[in-house]
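Peer 1: coords please:
(3 chains)
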Amino acid sequence: MKYVDAAQVQKKMNGRILKNNILKTLFLAATLFGLVILAILIIRVLLQGASWINLDFLTGKLSTSADRAGIMGAILGTFWLMVVVIPVTLFLGVGTAIYLELYARKGKFQSFVQTNIANLAGVPSIVYGILGMTLFVRALDFGNIVLAGGLTMSLLVLPIIIVAAQEAVRAVPQDLSAASYGMGATKWQTVKNIILPAALPGILTGSILSLSRAIGETAPLVVIGIPALLIPFPGGIMDKFTVLPMQIYYWTLDSSLVAEYANLAAATIIVLLVLLFLLNATAIIIRNKFQKRY
Amino acid sequence: MASNSKIDDQDDLKIQEMIAQKKNGRNLSRFTERIIPVLLFLIASVSILTTIGIIYTLLTETIEFFKRVPIADFFTGTILKPLSQNPEFGVLPLINGTIISSVIAMLVAGPIGIMTAVYLSEYASDRIRRTLKPLLEILAGIPTIVYGFFAFTFVTPIIREIFPTVEATNILSPGLVMGVMIIPMIASLSEDAMTSVPNSMREGALALGATKLEVAFRVVIPAALSGIIASFVLGVSRAIGETMIVTIASGSSKNFTFDITQSMQTMTAYIVEVSGGEAPAGSTIYYSLYAVAFTLFIFTLLMNLLARYVSRKFREEY
Amino acid sequence: MSTLTKPKFDEELTISNDPRNNKDTPKTTVYDTKDLNLWYGDTHALKDINLSIYEKEVTAIIGPSGCGKSTYLKTLNRMVELVPSVRTSGMITYKGKSILDKSFKVEDLRTKVGMVFQKPNPFPKSIYDNIAYGPKIHGIRNKKTLDEIVEKSLRGASIWDEVKDRLKENAYGLSGGQQQRICIARCLAIEPDVILMDEPTSALDPKSTLRVEELIHELKKEYSIIIVTHNMQQAARISDRTAFFLNGEVIEFDETDKIFTTPTDSRTEDYISGRFG
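Peer 2: Numbering: from 1, shown residues only, chains lettered A, B, ... in the order given. Next up, the predicted model:
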């Protein structure tokens, strides 16, 4: 007696292949589902907001009147926020990465810091907002100025840039630092002249990615307290400010009262997405240009 | 080789002598060498200080809150009326809202995320995968405020068109949109787990005449299960901590209900409401913000630790 | 090309390399190693090494892989310390100064002792910046001086004519053999007394190997060279003295001629006649 009945297997096989093909289509549909939603979202925002974007909107001051409202203040606020976030995250992020990769002795402290960074990456952004409000706005008494918001955002995105910078530093071949030490260079000379320049593209990519996260975040700033209608433009990091996502938030909330606010929100979303797109395109260009140099 | 005779010129450069002369200037560099590790250590401590800062801030103010509101009342209370004459601070409505929105999100993101992962890792050609993955990453890079706008001004009206009884602010719409937001996270983490399953395991089954589908469900998914579970847990953690979508689209009713057509408040949305309002520092409602935030922090921390535990503990040794 | 594949010695080279030809002037040593032991964690990698390296000679270190020859070389400029958990005992003196003491500044030692590595490892910088790196980190900033040093070093490594028109180009655009000579030039730019070479031709094709060997022959006039090689024919071609390492011990150390013609230890004979390793 045969254990396997060839005819029986053959009969079932057709069904199995059919099932495979049906589910393959289903899986493809699931993959495309997210992309279709993305397309709908973008088309919807464009339809609603594109016609509201003009020079007056981009350069004007905020206003309660939808026809006269402009987002220059929010654009400048986002700009000043970047002015704080970029140097602070580069300094802290690259410094931490160099310490962990090149200076720290492999041991308990190093793995403790590493675990801690992984956990920080999972802390909800609003919790950072509470830390920022308590520490920067109230305890240090900065008030709700760009500096307070920028430092809060810096702490929020720090894990992203640390991890990226660590990977970049780790990718620098050991031969290069060996050659430098062999010339009688000290450790810091080697780090400064050889390792950091070689890791720079990776560090910049990570920096841009963390920056785009900081630019799009809203929750921490809501907690810090950003005025809904701030008319004057921020002129520096010590000024009160608003940013693009905050303006989207307020206009969306009030769109049930004034219908045009939804269009203003959509127009602001377009500006924000274009900004993020440009940043990410830069990151990709840097990554491709310097990929696999050694 | 004639040019090499230049080396012999005694009156030429005496590099070692020049280096020796510069040596005095190296006291500074010796100082730098000693100070840099200290400086880097201090920089690296910022991340630890951040953790300490978060825990210290949340804990001290939470303790203050529990001096005013008994801890048991907080964790078992089903009524949250912070602004009432006789305020009540039961956190259960917020936990309920958080869990319901997360469950809705996971019902979307879980199946779609894992199907996407199976398609990308088992069916898609290299070219298709290289095209689709960056596009999915765009989905993950869209700011949450944009999703909030989308939920409130687009998804909710559509839902209300179909089911007119749904309220203008409800938990369903932000839950669904949050699900879309989490798809790329689950898809990419699960796909990583699946692609790390060695091809020899697939080939073994394929050689016996198994279809790709059977290989995916009987070989690949079981082998990658720990990574897939970890991706789900991280997805839940993300949903719990998500703020703007629920704040905008789910309103601020503190109902303790399971009716997803109604407005519910999550822990995150409560924090936004209280911090944006006029809660004077020192009032009970002000402290309640920290108690809720601490609860939220513990929730997400446990989820993240669980995800790491699962992916480490049950990592298959191929 | 037969010299590369068969242990047949080039008569001319062997004669000119023979230290006995100038036995009237007694050779001075640059390195003296006394009872050196080295451990990586629990692994005893070098055992009771006693060796002297003579000035303006090429000393070759041969032996099967894992015999400790590279480790010994890296001990001479203390690069071995980059590996954590390394311990040493015994003494190495460089021109009379004990270099294994903690108080001895490694940077000073490495300024006098250059190193060329197994794989060409130019920095991802221009050719010019590669050569100027050493002088710059040691404080020489004058542009004109640097220009002179760069030219002199590139000439010294006999690669000047090939690269003089492209000094600003990235060193990665050069061939492997050229890259290795750039690395040698980089080393010459701080005018060391000693050049350590860790299998410098193992990643090169036969033609480039020959050019580097010719270069080593030239450099001997000015520098003391210690070269680790797994290629016995190379050791025979270019070195004045040869040390044979086995399992972390020096089995035999003598004039190259003698090692390859009349070795005293049977293990040396086995190795050079290809019976193992």
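
Peer 1: And the residue in the stretch 201-318 of chain B positioned nearest to chain C, which helix or strand is it part of?
Peer 2: Across the stretch 201-318 of chain B, the shortest distance to chain C (C-beta to the nearest C-beta) belongs to B:R312, at 25.1 Å. For the C-beta atoms, the positions are set from N, CA and C on the backbone; glycine is no exception. Here B:R312, judged by DSSP states H and E, is contained in helix B:284-313.

Peer 1: Flag every buried residue along that helix.
Peer 2: B:284-297, B:299-301, B:303-308, B:310-311 (16 or more other C-beta atoms under 10 Å in any protein chain shown).

Peer 1: again, but for stretch A:113-126
Peer 2: Buried-residue list, stretch A:113-126, by 16+ other C-beta under 10 Å: A:V113, A:Q114, A:N116, A:I117, A:N119, A:L120, A:G122, A:V123, A:P124, A:S125, A:I126.

Peer 1: pLDDT score for the third one?
Peer 2: Put plainly, it is A:N116. For A:N116, the model assigns a pLDDT of 94.

Peer 1: now, which of the buried residues of stretch A:113-126 lie within helices?
Peer 2: Judged by DSSP state H, those include A:V113, A:Q114, A:N116, A:I117, A:N119, A:L120, A:S125, A:I126 as members of helices.

Peer 1: Just the closest of these to B:E17, please.
Peer 2: Nearest to B:E17 among those, counting by C-beta to C-beta, is A:V113 at 45.1 Å.

Peer 1: My guess is that closest one contacts A:E101. True?
Peer 2: No: under the criterion of C-beta atoms under 8 Å, A:V113 is not in contact with A:E101, lying 11.4 Å apart.

Peer 1: For the stretch 1-150 of chain A, give the residue positioned nearest to chain C.
Peer 2: Chain C sits closest to A:K106 of the stretch 1-150 of chain A, with a gap of 7.5 Å, by C-beta to the nearest C-beta.

Peer 1: now that residue, what's its secondary structure?
Peer 2: Here A:K106 takes the coil state, with states given by DSSP: H, G, I helix; E, B strand; the rest coil.

Peer 1: since we're on it, how many residues are nearby?
Peer 2: By the criterion of other C-beta atoms under 10 Å in any protein chain shown, A:K106 has 9 neighbours.

Peer 1: same question, C:T93
Peer 2: The number of residues packed near C:T93 is 16, by other C-beta under 10 Å.

Peer 1: before we move on, what about the one 4 residues further on?
Peer 2: Close neighbours of C:K97, defined as other C-beta under 10 Å, add up to 11.

Peer 1: residues contacting it?
Peer 2: Contact partners of C:K97, counting by C-beta atoms under 8 Å, 6 or more residues apart in numbering or on different chains, are C:F104.

Peer 1: got the phi/psi numbers for it?
Peer 2: Main-chain torsions, C:K97, degrees, to the nearest 10: phi -100, psi 140.

Peer 1: and the nearest residue to C:I62 once chain neighbours are set aside, helix, strand or coil?
Peer 2: The shortest distance from C:I62 to any non-neighbouring residue, by C-beta to C-beta, 6 or more residues apart in numbering or on different chains, is to C:A235 (5.1 Å). At C:A235 the chain is in helix, as set by three-state DSSP.

Peer 1: which bits of the stretch 51-200 of chain C sit near chain B?
Peer 2: Contacts of the stretch 51-200 of chain C with chain B, taken as C-beta under 8 Å from any C-beta of the partner chain, map to C:111-112, C:135, C:138-140, C:145, C:148-149, C:152, C:155-156, C:158, C:160-161, C:189-192.

Peer 1: and the residues you listed, which are buried?
Peer 2: By neighbour count, with 16+ other C-beta under 10 Å, those hold C:111-112, C:135, C:138, C:140, C:149, C:152, C:155-156, C:158, C:160, C:189-192 as buried.

Peer 1: My guess is the residue of the stretch 1-150 of chain A closest to chain C contacts C:S85. True?
Peer 2: No: at 10.4 Å, A:K106 does not count as touching C:S85 under the criterion of C-beta under 8 Å.

Peer 1: Can you get me a residue count around residue 52?
Peer 2: This is for chain A. For A:W52, using other C-beta under 10 Å, the count is 19.

Peer 1: Wait, chain B was what I had in mind.
Peer 2: When neighbours are counted by other C-beta under 10 Å, B:I52 registers 12.

Peer 1: With A:G132 instead?
Peer 2: Neighbourhood size, A:G132 [other C-beta under 10 Å]: 28.

Peer 1: In three-state terms, how would it be classified?
Peer 2: Under three-state DSSP, A:G132 falls in the helix class.

Peer 1: my read: it touches A:L151, true?
Peer 2: Yes: counting by C-beta under 8 Å, A:L151 is a contact partner of A:G132 at 6.9 Å.

Peer 1: who does the longest helix along chain A touch, helix- and strand-wise?
Peer 2: Selection of the longest helix in chain A by residue count, based on DSSP H, yields helix A:6-49. Contacts defined by 3 or more C-beta pairs under 8 Å, 6 or more residues apart in numbering or on different chains; DSSP states H and E place helix A:6-49 against helix A:260-290, helix B:92-118, helix B:126-141, helix B:144-150, helix B:172-195, helix B:212-215.

Peer 1: Dump those to TSV, plus distance to chain C and mean neighbour count.
Peer 2: Shown next, in TSV, are these (distance: least, C-beta to the nearest C-beta, whole Å; neighbours: other C-beta atoms under 10 Å in any protein chain shown):
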stretch	distance to chain C	mean neighbour count
helix A:260-290	9	18
helix B:92-118	37	23
helix B:126-141	27	14
helix B:144-150	39	28
helix B:172-195	30	26
helix B:212-215	42	19
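
Peer 1: can those helices go into a markdown table with extra columns for mean pLDDT and distance to A:L92?
Peer 2: Shown next, in a markdown table, are those (pLDDT from 0 to 100; distance: least, C-beta to C-beta, whole Å):
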| stretch | mean pLDDT | distance to A:L92 |
| --- | --- | --- |
| helix A:260-290 | 91 | 20 |
| helix B:92-118 | 96 | 31 |
| helix B:126-141 | 90 | 23 |
| helix B:144-150 | 96 | 24 |
| helix B:172-195 | 95 | 26 |
| helix B:212-215 | 91 | 46 |
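
Peer 1: What residues does the stretch 51-200 of chain B have near chain A?
Peer 2: Applying C-beta under 8 Å from any C-beta, we find that the stretch 51-200 of chain B lies next to chain A at B:51, B:53-54, B:57-58, B:61, B:111-112, B:115-116, B:118-120, B:123-124, B:132, B:135-136, B:138-139, B:141-150, B:152-154, B:168, B:180, B:183-184, B:187.

Peer 1: I'd guess C:V30 is in a strand, am I close?
Peer 2: Yes: under three-state DSSP, C:V30 sits within a strand.

Peer 1: how many other residues sit next to it?
Peer 2: For C:V30, the neighbour count with other C-beta under 10 Å is 24.

Peer 1: ok, now which ones touch it?
Peer 2: Applying C-beta under 8 Å, 6+ apart to C:V30 gives the contacts C:I53, C:Y54, C:E55, C:Y94, C:K95, C:D193, C:V194, C:S224.

Peer 1: Bridged to the closest residue in space to the fourth one that isn't next to it in sequence, which residues?
Peer 2: With C-beta to C-beta, 6+ apart as the measure, C:Y31 is the residue that lies nearest to C:Y94, at 5.7 Å, once sequence neighbours are left out. On the basis of DSSP bridges, C:Y31 is bridged to C:I53, C:Y94.
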